[in-house]
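# How does the following fold in three dimensions:
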Amino acid sequence: MIPLGLCQCGCGQPTAIAKKPNRRYGHLKGKPVRWVNGHNTSRPLADRFWKKVDLSVGLDACCLFSGSIDSGGYGQISVNGRTVGAHVVSWDLSHPGEPIPPGQWVLHRCDVRVCVRPDHLFLGPPPANVADMVAKGRQAHGERQGSAKLTEAQVREIRRVHAEEGLGYHRLASRFSVGKTTVRAIILGRTWKHLAAKAT
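The predicted structure is shown next:
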């Protein structure tokens, strides 16, 4: 039995004093509330987490997280009032008592962002994550980049028109509603390099 004044989830954190009564949550004015904000779950994290994972897959298949997904495509779950990556929670649950060392990230061997299979995960520094992403061609470039103002078809057209019709940077920039420096970088191959590589 967890004493009143400590969060009932078992995290050991002290709870706030209720400023007013709230029947719905069982708060009494002037008395400690039962939960730290965001901790009011009656189920342990492991139960909540693994309920959202398909564990009936084959021996080496990815175990996909079916809960909330963030904008980057990674699973996420609430832990003590914070949103944490599902793959990080999987690592923590499968390595109890072994905190992730500072400067280390939980990385995927399988490159499936919603995979939480513990043996598909490993620890590494952020540069290793970036190097792995670049080596496997997962970095955002071209149209996949949020700041892209042109499509791949438009970039190809800019290069074609410049090569075949000799249209200058200024007129191309005007035609495609971008800056002259943008057109120059495209023509010289300083940007959209992946298209130039495909063309050769």
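# Please state the offset of the lengthiest helix in the chain from the chain centre?
In the chain, assigned by DSSP state H, the helix with the most residues is helix 152-165. Using CA atoms, centre = their mean, to the nearest Å, the mean C-alpha position of helix 152-165 is found 35 Å from that of the whole chain.
# Could I get the contacting residues of the closest residue to residue 69 other than its chain neighbours?
Nearest residue to residue 69, sequence neighbours excluded (CB to CB, 6 or more residues apart in numbering): residue 75, at 5.9 Å. For every residue, glycine as well, the C-beta is placed using N, CA and C. Shown in contact with residue 75 (CB atoms under 8 Å, 6 or more residues apart in numbering): 52, 65, 67, 68, 69, 85, 86, 87, 113, 114, 116.
# Closest to residue 21 out of those?
residue 68 (32.6 Å; CB to CB).
# Can you flag the buried ones in the contacts of residue 75?
The neighbour-count criterion (16 or more other CB atoms under 10 Å) marks 65, 67, 85, 86, 87, 113, 114, 116 among the contacts of residue 75 as buried.
# From those, which land in strands?
residue 85 (DSSP state E).
# measure the nearest residue to residue 94 once chain neighbours are set aside to residue 109 for me?
If you skip the residues right next to it in sequence, residue 94 has residue 118 as its closest partner in space, 3.9 Å away by CB to CB, 6+ apart. Distance of residue 118 to residue 109, computed by CB to CB, to the nearest Å: 11 Å.
# Fine, thanks again, bye for now.
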